[in-house]
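Visitor: Okay, predicted coordinates and the sequence, questions at the end:
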Amino acid sequence: MQALTPASADDLPPLGQLIVDDPFWRYQQGDSAREGVAHLRVWTTVTAPPGYLAVVAATGPAATVTNSAGYIWAALTGVYGSPLVLLEHDAGEQADPRESLDLVRIGRDGLANWNRVWPTDEDSPRHAGLEAWMAAYGRQIVATTTDDAGHP
């Protein structure tokens, strides 16, 4: 598996309040008429202008968040508008237990590109910034359950 280019901490906003925690969020699965199910969490961001940070995590083997990123982006921006930052959380599985968090960017061509947020190689020049952002917000993002304030 090829390593993803690390994201920049400048692309990751400070989080505000958790406003959505839906463990059974439905989305269009690729070009098919089928639906996928994922865990969706959305926070407001403490930015000017205010925006949103959404985290989508596959909840089963049939879920194809990666192949549906464009549809997920369209659905989320249709509800929340812009600016929106989309992260894909992969909690790992038995075959590949590595947990990861990736920034999803949708290009003008509608194609998705991913940049690794976590984990990043310690020798990356972006590692320190991403490590600081993860220390501030990462635990509540990768937590599988949260309280009403968005804390694990």
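Guide: Structure received.
Visitor: going forward, measure contacts between C-alpha atoms and count neighbours the same way
Guide: Fine.
Visitor: thought residue 41 was touching residue 15?
Guide: No. The pair residue 41 / residue 15 is not scored as a contact, 11.9 Å apart, by Cα atoms under 8 Å.
Visitor: Lowest average confidence across helices and strands of the chain, where is it?
Guide: Least confident helix or strand of the chain, by mean pLDDT, DSSP states H and E, is helix 139-142 with a mean of 85.
Visitor: tell me what it is packed against?
Guide: Using 3 or more Cα pairs under 8 Å, 6 or more residues apart in numbering; DSSP states H and E as the contact test, no helix or strand touches helix 139-142.
Visitor: Return the set of buried residues in it.
Guide: 140, 141, 142 (16 or more other Cα atoms under 10 Å).
Visitor: Likewise for stretch 38-58?
Guide: For stretch 38-58, a neighbour-count test (16+ other Cα under 10 Å) marks 38-45, 51-58 as buried.
Visitor: before we move on, what about stretch 110-121?
Guide: For stretch 110-121, the neighbour count (16+ other Cα under 10 Å) marks 112, 114, 115, 116, 117, 118, 119, 120 as buried.
Visitor: Those in strands, which ones?
Guide: With DSSP state E as the criterion, strands contain 112, 114, 115, 116, 117, 118 from among those.
Visitor: Now do the contacts for the closest residue to the last one other than its chain neighbours.
Guide: To tie it back to what came earlier, the one meant is residue 118. Closest residue to residue 118 apart from its sequence neighbours, by Cα to Cα, 6 or more residues apart in numbering: residue 101 at 5.1 Å. Contact partners of residue 101, counting by Cα atoms under 8 Å, 6 or more residues apart in numbering, are 87, 88, 89, 90, 116, 117, 118, 119, 142.
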